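**Student:** Quick one, what's the 3D model for this:
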Amino acid sequence: MPVSSIPSQTRDRSFAAERASLAAAFRWAARLNWHEGIANHFSLAVSDDGGQFLMNPAGRHFSRMRASELLLLDADDRDVMNRPNPPDRTAWCIHGAMHRQVPGARCILHVHPKFATVLSTLEDSQMPPIDQNTMRFFNRIAIDDHYGGMGIGQEAERLPQVLAGKSVLVMGNHGVLVWADTVDEAFDLLYYFERACETLITAYSTGNPLRIVSDDVAEKTARQWAEYPDGWQHHFTALREILDEEEPDYKD
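**Tutor:** Coordinates of the predicted model:
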């Protein structure tokens, strides 16, 4: 349900493709058990300045999200929570702050998946390069060591400042947030980050020393990930093909 403060020329656009893509991300996050019931939130900027964005409504389970249900919000509308059908309070605060302060962060995904959340609870939340997935994130993760409560008010406003140009934020004692230019790219980033966390936490659980590669090899592998041709596009296209067959109502 669009917020009335959105300019009419923006309200009149349906953003059908953007809505379908974001709805697909919700459905797959549910399939991968990244959700927490009706909690957690994704957003996608639809205006050139990044200030107007789509986001999930309060109380809707990821597994049932439909494209038409996504809210159209304005990051500069300070009265959003007083309007009919407001978004979840923490969702609005975190994503509103991110879209205001980091306009290049077009698609923002925030969840509490099992292994990334475990990593966020460790005193050392760094990710040593022990396999190809962990190497993808070598020196490319921001870590927030100053959890100050749920993402409301000043707690939400300070999170964009912690990013420091990184596209993955380990939110200490909380979860993880990733951003990218598109839903496809952001989802792929989140998928492989959770996989990397799963490998790392499993390795830690053995109690044995880790086989950590050199910084040079880790950096080389991270660059190879970044240069790999269209990997994230192919990944998300394959996931959408499955949804098109099994849950086509995500596009409704």
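
**Student:** Name the residues of stretch 202-216 that come out as buried.
**Tutor:** Within stretch 202-216, the residues that qualify as buried are 203, 213, counting by 16 or more other Cβ atoms under 10 Å. Any C-beta I mention is one placed from the backbone N, CA and C, and that applies to glycine too.

**Student:** start to end distance for that stretch?
**Tutor:** The stretch stretch 202-216 measures 24 Å between its terminal residues, going by Cα to Cα, to the nearest Å.

**Student:** where do the helices sit along the stretch 101-250 of the chain?
**Tutor:** Counting by DSSP state H, counting those that start in this stretch, one finds helices in the stretch 101-250 of the chain at the ranges 114-121, 132-136, 154-163, 183-206, 215-227, 231-246.

**Student:** quick one, which of those is packed in tightest?
**Tutor:** Highest mean neighbour count of the helices of the stretch 101-250 of the chain: helix 132-136, a mean of 22 (counted as mean count of other Cβ atoms under 10 Å).

**Student:** Which of the helices of the stretch 101-250 of the chain sits closest to V46?
**Tutor:** helix 183-206 (11.5 Å; Cβ to Cβ).

**Student:** tell me which strands and helices that closest one is in contact with?
**Tutor:** Under the contact definition 3 or more Cβ pairs under 8 Å, 6 or more residues apart in numbering; DSSP states H and E, helix 183-206 sits against helix 16-31, strand 107-111, helix 114-121, helix 132-136, strand 175-180, helix 231-246.

**Student:** can you tell me the average pLDDT over it?
**Tutor:** Over the span of helix 183-206, the pLDDT mean works out to 98.

**Student:** Quick one: work out the angle between that helix and strand 107-111.
**Tutor:** On the basis of axes from the mean of the first three to the mean of the last three Cα atoms, to 10 degrees, helix 183-206 is oriented at 30 degrees to strand 107-111.

**Student:** Surely W34 and V111 touch.
**Tutor:** Yes - counting by Cβ atoms under 8 Å, W34 touches V111, with 4.6 Å between them.

**Student:** joint contacts of the two?
**Tutor:** 40, 190 (Cβ atoms under 8 Å, 6 or more residues apart in numbering).

**Student:** what residues are up against A196?
**Tutor:** Counted by Cβ under 8 Å, 6+ apart, A196 has contacts 127, 131, 133-134, 136-137.

**Student:** Just the closest of those residues to V80, please.
**Tutor:** F137 (33.2 Å).

**Student:** Now that closest one: phi and psi?
**Tutor:** Dihedral pair for F137: phi -110, psi 20, per degrees, to the nearest 10.

**Student:** got a list of what the nearest residue to R195 once chain neighbours are set aside touches?
**Tutor:** Leaving out its chain neighbours, the residue that sits closest to R195 by Cβ to Cβ, 6 or more residues apart in numbering is N133, at 5.1 Å. N133 makes contact with 192, 195-196, 199, according to Cβ under 8 Å, 6+ apart.

**Student:** Compile these into TSV and extend it with columns for distance to R89.
**Tutor:** TSV is the format used below for the contacts of N133 (distance: Cβ to Cβ, whole Å):
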residue	distance to R89
Y192	30
R195	31
A196	31
T199	34
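
**Student:** Determine which residue lies closest to the centroid of the chain.
**Tutor:** The residue lying closest to the centre of the chain (Cα atoms, centre = their mean) is L109, at 1.4 Å.

**Student:** Quick check: that residue vs F193, distance?
**Tutor:** 10 Å (Cβ to Cβ, to the nearest Å).

**Student:** Overlap of the contact sets of the two?
**Tutor:** V178.

**Student:** Poorly predicted segments of the protein, please.
**Tutor:** For the chain, the stretches flagged by pLDDT under 70 are 1-13.
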